[in-house]
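Participant: 3D, please:
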Amino acid sequence: MKAVTWCAPYKVSVENVPDPKIINRRDAIVRITSTCICGSDLHLYDGCIPFMKPGDVMGHEPMGVVEEVGPDVDKNKIKKGDRVVVPFPIACGACFFCQRGLTSCCDNTNPKAYLGDHVLGQPTAGIYGYSHLTGGFAGGQAQFLRTPLADVNLQKLPEDLEDHQVVFLSDIFPTGYMAVQHCNPQPDDTVAIWGCGPVGQFAIRSAFLLKAAKVIAIDDGKRVPSRLKMARDAGAITIDFSEEYVYERLLELTGGIGPDICVDAVGMEAHGYSPDALYDKIKNLTMLETDRPKVIRQAIHCCRKGGTVSIIGVYGGLSDKIPTGALMNKGLTIKTGQCHVHRYVPELLDHIRHRRIDPSFVVTHRLPLSQAVEGYKMFRFRQDECVKIVLDPAA
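Facilitator: Numbering: from 1, shown residues only. Model prediction:
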């Protein structure tokens, strides 16, 4: 089959690789009909996530049709011919964490758990196509995908919705939703969201679904003006940090108090024009810091006293100069985590079915899988007003 493989930093390739096979009795094989390039994939592309190996198949945002199931898969839940979306974290459904809906923290699905013990203190769940730190599983930017524990992980989809409406249930729609939902937003809350990439766009729309009073979106209008326009189209007030001082503008928009909820939808490769952003870039280039936490600092600084900072952007290592004094003295709550996708799919599918949101708004490009190399470059370097790319494995 054809698949997108990681070769080295800034180099991916579309290669012929062996077709996946049933290995364990609860596996299934899914024929992929749509799969996406995620902003988190760019961390792999840029070489920021450790434990990638040449030849690793990338991708963790796929959907498709079940082609084969293992003998122990519960056929009342998943059977051949079902149309499914594949959540990016792999859950067992039975451990302490899965029983509490914390599926991205599953204790049983990461066969490289010893790496997580050393790097993170405890391992994450297994994740498709996202380094050997998260299990070394082959990813979904391919024509076929092996899915372990299929009757837990594959989420059945209705036939009357288009791929572009439901494929984002694999990751970015639940991630953007959780970014706001786990902060317990109130009807009079102001939600500020740093980053208007795909996750940020879904966080903006999710804040409105969750009845927030005001949503403020922050991004770089000099580099990516189309993303700020997309945020405005959703009803958000926008701040262009290349032209405005974010802290002062947020105070102005909130009566001098600051936002109730501040969402970091950027992650480890944040950039900016301030001295601390330059500091991060230099330390990052000289291998003295793995992450660039510009947005975390600014969110803590801007959040109102007693508010909540939600870190949903991916971080992979160590960060400098986090303002713990402000964090503690302002009485802030920090909410973080890889998204627990499984718990949100039914609720978000209901929003889609009842037309409260059409997730296809975020798609700016659909490309054949064979053009994935060009797609990565387009997405990474923000060419052609690219916000989200969906790959078609059959084209």
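
Participant: make it CA atoms for all contacts and neighbour counts henceforth
Facilitator: OK.

Participant: burial measure for M328, as a count.
Facilitator: A count of neighbours around M328, defined by other C-alpha atoms under 10 Å, yields 13.

Participant: Now do the SS call for it.
Facilitator: Secondary structure assignment for M328 (DSSP: H, G, I helix; E, B strand; the rest coil): helix.

Participant: and if you look at L367?
Facilitator: Reduced to three states by three-state DSSP, L367 is strand.

Participant: For S226, which non-adjacent residue is closest in space?
Facilitator: Closest residue to S226 apart from its sequence neighbours, by C-alpha to C-alpha, 6 or more residues apart in numbering: E385 at 6.1 Å.

Participant: what's that neighbour in contact with, if anything?
Facilitator: 224, 226, 364 (C-alpha atoms under 8 Å, 6 or more residues apart in numbering).

Participant: Give me the distance between V86 and C36.
Facilitator: To C36, V86 is 12 Å away according to C-alpha to C-alpha, to the nearest Å.

Participant: what touches both of these two?
Facilitator: Counting by C-alpha under 8 Å, 6+ apart, the shared contacts of V86 and C36 are 61-62.

Participant: of the two, who's got more company?
Facilitator: Higher neighbour count among V86 and C36: V86, with 30 against 27, using other C-alpha under 10 Å.

Participant: For that one, which residues are in contact?
Facilitator: 61-63, 153-155, 170.

Participant: now, among those residues, which is nearest to K305?
Facilitator: When the contacts of V86 are compared for distance to K305 (C-alpha to C-alpha), S170 wins out at 34.3 Å.

Participant: V341 versus that closest one, what's the distance?
Facilitator: From S170 over to V341 the distance is 7 Å, taken as C-alpha to C-alpha.

Participant: which neighbours do these two share?
Facilitator: With C-alpha under 8 Å, 6+ apart, S170 and V341 have common neighbours 87-88.

Participant: in what helix or strand does V309 lie?
Facilitator: V309 is part of strand 308-311, with elements assigned from DSSP states H and E.

Participant: Which strands or helices does that strand pack on?
Facilitator: helix 172-181, strand 261-264, helix 294-302, strand 333-336 (3 or more C-alpha pairs under 8 Å, 6 or more residues apart in numbering; DSSP states H and E).

Participant: Contacts only, for S34.
Facilitator: Residues near S34 by C-alpha under 8 Å, 6+ apart: 62-64, 163, 167, 390-393.

Participant: Let's verify it: helix, strand, or coil?
Facilitator: At S34 the chain is in strand, as set by three-state DSSP.

Participant: Using JSON lines, lay out the contacts of E385 together with neighbour count, secondary structure and pLDDT.
Facilitator: Output for the contacts of E385, formatted as JSON lines (neighbours: other C-alpha atoms under 10 Å; DSSP: H, G, I helix; E, B strand; the rest coil; pLDDT from 0 to 100):
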{"residue": "V224", "neighbour count": "18", "secondary structure": "coil", "pLDDT": "91"}
{"residue": "S226", "neighbour count": "18", "secondary structure": "helix", "pLDDT": "95"}
{"residue": "T364", "neighbour count": "13", "secondary structure": "coil", "pLDDT": "97"}
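
Participant: Mind picking the one among these that's closest to E159?
Facilitator: Minimum distance to E159 across the contacts of E385 is 23.2 Å, recorded for T364 (C-alpha to C-alpha).

Participant: my read: that closest one touches C386, true?
Facilitator: Yes - using C-alpha atoms under 8 Å, T364 is in contact with C386, at 5.9 Å.

Participant: which residues touch the residue nearest to I29 when sequence neighbours are not counted?
Facilitator: Nearest residue to I29, sequence neighbours excluded (C-alpha to C-alpha, 6+ apart): R146, at 4.6 Å. By C-alpha under 8 Å, 6+ apart, the residues touching R146 are 20-22, 27-30, 138.

Participant: cool, G135 as well?
Facilitator: By C-alpha under 8 Å, 6+ apart, the contact set of G135 is 109-113, 125-128.

Participant: ok, now with 10 Å
Facilitator: With contact set as C-alpha atoms under 10 Å, 6 or more residues apart in numbering, G135 has these partners: 51, 90, 109-116, 123-129.

Participant: for P111, same thing?
Facilitator: The contact partners of P111, by C-alpha under 10 Å, 6+ apart, come to 123, 125-126, 132-137.

Participant: distance of L228 from Q201?
Facilitator: L228 sits 9 Å away from Q201, going by C-alpha to C-alpha.

Participant: Model confidence score at A395, please.
Facilitator: For A395, the pLDDT comes out at 83.

Participant: Next up, the contacts around it.
Facilitator: If you count contacts by C-alpha under 10 Å, 6+ apart, then A395 has 33, 367-371 around it.

Participant: if we go to 8 Å?
Facilitator: Here A395 is in contact with 368-370 (C-alpha under 8 Å, 6+ apart).

Participant: do the same with L251
Facilitator: 257-259, 302.

Participant: out of those, which are buried?
Facilitator: Buried by 16 or more other C-alpha atoms under 10 Å: 258-259, 302, out of those.

Participant: quick check, nearest of the residues you listed to K77?
Facilitator: Using C-alpha to C-alpha, P259 comes nearest to K77 of the buried ones among the contacts of L251, at 42.6 Å.

Participant: host element of I127?
Facilitator: strand 126-127.

Participant: Pull out the buried members of the contacts of V86.
Facilitator: 61-63, 153-155, 170.

Participant: Could you dump those residues into TSV with secondary structure added?
Facilitator: As requested, the buried ones among the contacts of V86 are arranged in TSV below (three-state DSSP):
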residue	secondary structure
E61	coil
P62	strand
M63	strand
N153	helix
L154	coil
Q155	strand
S170	helix
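
Participant: Could you export these as TSV, including pLDDT?
Facilitator: Output for the buried ones among the contacts of V86, formatted as TSV (pLDDT from 0 to 100):
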residue	pLDDT
E61	98
P62	98
M63	98
N153	98
L154	98
Q155	98
S170	98
